[in-house]
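Undergrad: Sharing a model that was predicted from the sequence below.
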Number of protein chains: 2
Amino acid sequence: MKQPSAFNRHSDEIETELKSLIMEQSLPLYRMMAYHMGWMDDQGEQVRMNVGERIHSTLCVLTCAALGGEISKAMPAAASLELVHNFSQIHNDIQEGTPERYHRPTVWWVWGPAQGINAGDGMHALARLSLLRQAENGIPAELALRAMATLDTACLHLCEGQYLDLTYQERVDISQAAYFQMVEGKTAALISCATELGALMASANEKSIKAMTLFGQKLGIAFQIRNDILDLWRPQNTDTPPAGVLLNKRKSLPIVYALQTASGAEKRALGDVYFKRVMEPEDIEKVIEVLDRLGAREFSQETADALCQEAIQVIGEAGPSSDGMDELSNVARFLVTRDL
Amino acid sequence: MKQPSAFNRHSDEIETELKSLIMEQSLPLYRMMAYHMGWMDDQGEQVRMNVGERIHSTLCVLTCAALGGEISKAMPAAASLELVHNFSQIHNDIQEGTPERYHRPTVWWVWGPAQGINAGDGMHALARLSLLRQAENGIPAELALRAMATLDTACLHLCEGQYLDLTYQERVDISQAAYFQMVEGKTAALISCATELGALMASANEKSIKAMTLFGQKLGIAFQIRNDILDLWRPQNTDTPPAGVLLNKRKSLPIVYALQTASGAEKRALGDVYFKRVMEPEDIEKVIEVLDRLGAREFSQETADALCQEAIQVIGEAGPSSDGMDELSNVARFLVTRDL
């Protein structure tokens, strides 16, 4: 599926909002942030790199528009979501020991883990300061406080999900229920926060807000499953190996499914790999072979598709404009079928 | 100087407020937080350990009271300050590689650095959720938003200070101005945030808020200098060696002063130690000998005392009650002269 036109329609405004928070600051602390955001190289020279699709801010802004809200009112919230997402990436890269992201060294790889933790913490604080700008945007103080609480609760769920993700890495017996609990925190919390904040900034009624939150939650899980698939089965023209997800033993849905349905020889083959203290790149091929034999990829994609379908149905309950309905549905379908 | 009676007067209420945020949560993520706060051991058993003096929350509550505010209104803010301070400790322990704090292993030492980062991030989010409770406390929404902005700005300054502290470790040429810039962020930002929030929660006027903020800022710097001194010259009955601050080459005021005033042989002696890639415990004695010869301890204590005096004078401009004036002055003097 081609990327829907709505997907990038507001990118420039979002980048401008984000840059206004980081690029005006002079301390080198912000240089690390600008590097992670793709606006600077490690020498402080301004560049423009593609480092991610700003999915959270896009969903926030499109949800706001679909409910008849003004895009500009959603901008501070959109930027704050993106900053939380990126702060979390900076910390995750340290937690997982990831040396590269989008074909260049991660922040901690360039500046060391201590400054990496610091850059993430700073971006975490900056995310709230971004959201606080909404008050200047004519958003009533009560609504602004509600939005703050929504964002902070999502941050906490993000940490809860990350906690589970890290503990699962040393375990083999992860059920699908446990997987979904982890993903609801790790990925869906911030995506549903994005659609919720979009609805809030459109001054939507409670029924619409609830529906849009649920839309984001279901889409968030489906989105993570698609990422799980892409982590394991890379398109042939990608030069990055499917390393990360397997090497750190993260439990993605295809793997959870395989560990559940494998029997006899297959279980032993997976167990051999998963009980090693450190996985080798050679082990990856072995695991993928078993996953293929068990239909783990098909199962996972079907699960993602079904969740995406449910998500799209829920949008209708929020009473969006007809264009808005189309755009959000297209973006949702794209996120769950796209290649890298 | 004996600990002033005001210092612990509200400890129980503060602990209750803090516990209500963390101990009600069931995920093991919160167990790490409870451990750091001194309420659990590493097996999840409830304990009560002394792990720090809740200085930030105490100053917030006493400032509020001194300006005629109700203590209960300041409680959510007091708890949020303590959570920010403790989240920052959890991350600092990872950044500095500190294995022990208050005679027991640090969070990252027990659960690993990845979960340590996570516990800190969660506590960071929880701090805001605590502050959001103020709205339930009858604080008007506009004031609540202003308090949020105050806390977030302090968090950002904290990260900026931490950034400088980390970069200074690899440098020898740190001026006193550079030291003060670092400490204003690393320590004084959160202490002045505490007194500012206390004044805000007392619904004080702008002049009082400004004066109390300045009081906190000056006291915060003086407090850090006293800690610098205690890090190097421990009272004889303390069983912890003055290790940390020197081993990680942190630039504390006695050291900055010594590097500035030393000449010839002394400078070489300090340089020999500071240009080593890793410092040995044996080097500490050598450094302290030079510091003593240069009067670095006396200089630092005099600087702290002078700042403390200025801080106390500023309180008067806030128009506190006579009891409040006495209590805040006594607490300030205590913080700048106490032993460990």
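TA: Nice, I can see it.
Undergrad: Close to chain B: what parts of the stretch 51-200 of chain A are there?
TA: A:88, A:91, A:94-96, A:113-115, A:117-122, A:124-126, A:128-129, A:132, A:135, A:140-142, A:144-145, A:148-149, A:152-153, A:155-156, A:158-160, A:162-163, A:166-167 (CB under 8 Å from any CB of the partner chain). Bear in mind the C-beta positions are built from the backbone N, C-alpha and C, glycine included.
Undergrad: Show the pLDDT at the closest residue to A:Asp173 other than its chain neighbours.
TA: Setting aside the residues directly before and after it, A:Asp173 is nearest to A:Leu259 in space (CB to CB, 6 or more residues apart in numbering or on different chains), at 7.7 Å. On the pLDDT scale, A:Leu259 is placed at 88.
Undergrad: Please pick the buried ones from the residues of the stretch 51-200 of chain A next to chain B.
TA: A:88, A:91, A:94-96, A:113-115, A:117-122, A:124-126, A:128-129, A:132, A:135, A:141, A:144-145, A:148, A:152-153, A:155-156, A:158-160, A:162-163, A:166-167 (16 or more other CB atoms under 10 Å in any protein chain shown).
Undergrad: Now do the helix or strand A:Ser130 falls within and helix B:113-132, the angle between them.
TA: Using DSSP states H and E, A:Ser130 sits within helix A:113-132. Relative orientation of helix A:113-132 and helix B:113-132, computed by axes from the mean of the first three to the mean of the last three CA atoms, to 10 degrees: 30 degrees.
Undergrad: Pull the distance from helix A:113-132 to the chain's centre.
TA: Average the C-alpha atoms of helix A:113-132, do the same for its chain, and the two points are 17 Å apart (CA atoms, centre = their mean, to the nearest Å).
Undergrad: now do stretch A:271-283
TA: Distance of stretch A:271-283 from its chain centroid, counting by CA atoms, centre = their mean, is 27 Å.
Undergrad: Report whether that stretch contacts chain B.
TA: No - on the criterion CB under 8 Å from any CB, stretch A:271-283 is out of touch with chain B, staying 14.5 Å away.
Undergrad: The residue nearest to A:Asp173: what's it in contact with?
TA: A:Val172, A:Asp173, A:Ile174, A:Lys267, A:Leu270, A:Tyr274 (CB atoms under 8 Å, 6 or more residues apart in numbering or on different chains).
Undergrad: Buried ones among the residues you listed?
TA: Looks like the contacts of A:Leu259 have A:Ile174, A:Lys267, A:Leu270, A:Tyr274 buried, using 16+ other CB under 10 Å.
Undergrad: Can you classify the first one by secondary structure?
TA: For A:Ile174, the assignment made with DSSP: H, G, I helix; E, B strand; the rest coil gives coil.
Undergrad: Which pLDDT value belongs to it?
TA: We have a pLDDT of 90 for A:Ile174.
Undergrad: How about the contacts made by the closest residue to it other than its chain neighbours?
TA: Counting by CB to CB, 6+ apart, A:Lys251 is the residue found nearest to A:Ile174 once chain neighbours are left out, at 4.5 Å. For A:Lys251, the contact set (CB under 8 Å, 6+ apart) comprises A:Asp165, A:Tyr168, A:Gln169, A:Arg171, A:Ile174, A:Tyr179, A:Met182.
Undergrad: C-alpha coordinates for stretch A:167-178, PDB please?
TA: The C-alpha coordinates for stretch A:167-178 follow below in PDB (Å, rounded to 0.1, in the frame of the first residue of the first chain):
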ATOM      1  CA  THR A 167      11.900  -8.900  32.000                       C
ATOM      2  CA  TYR A 168      10.400 -11.000  29.200                       C
ATOM      3  CA  GLN A 169      13.800 -11.100  27.500                       C
ATOM      4  CA  GLU A 170      15.100 -13.600  30.100                       C
ATOM      5  CA  ARG A 171      12.000 -15.800  30.000                       C
ATOM      6  CA  VAL A 172      10.600 -18.300  27.500                       C
ATOM      7  CA  ASP A 173       7.100 -18.800  28.800                       C
ATOM      8  CA  ILE A 174       5.500 -15.700  27.600                       C
ATOM      9  CA  SER A 175       1.800 -16.100  26.800                       C
ATOM     10  CA  GLN A 176      -0.100 -14.100  24.200                       C
ATOM     11  CA  ALA A 177      -1.900 -12.400  27.100                       C
ATOM     12  CA  ALA A 178       1.400 -11.300  28.600                       C
END
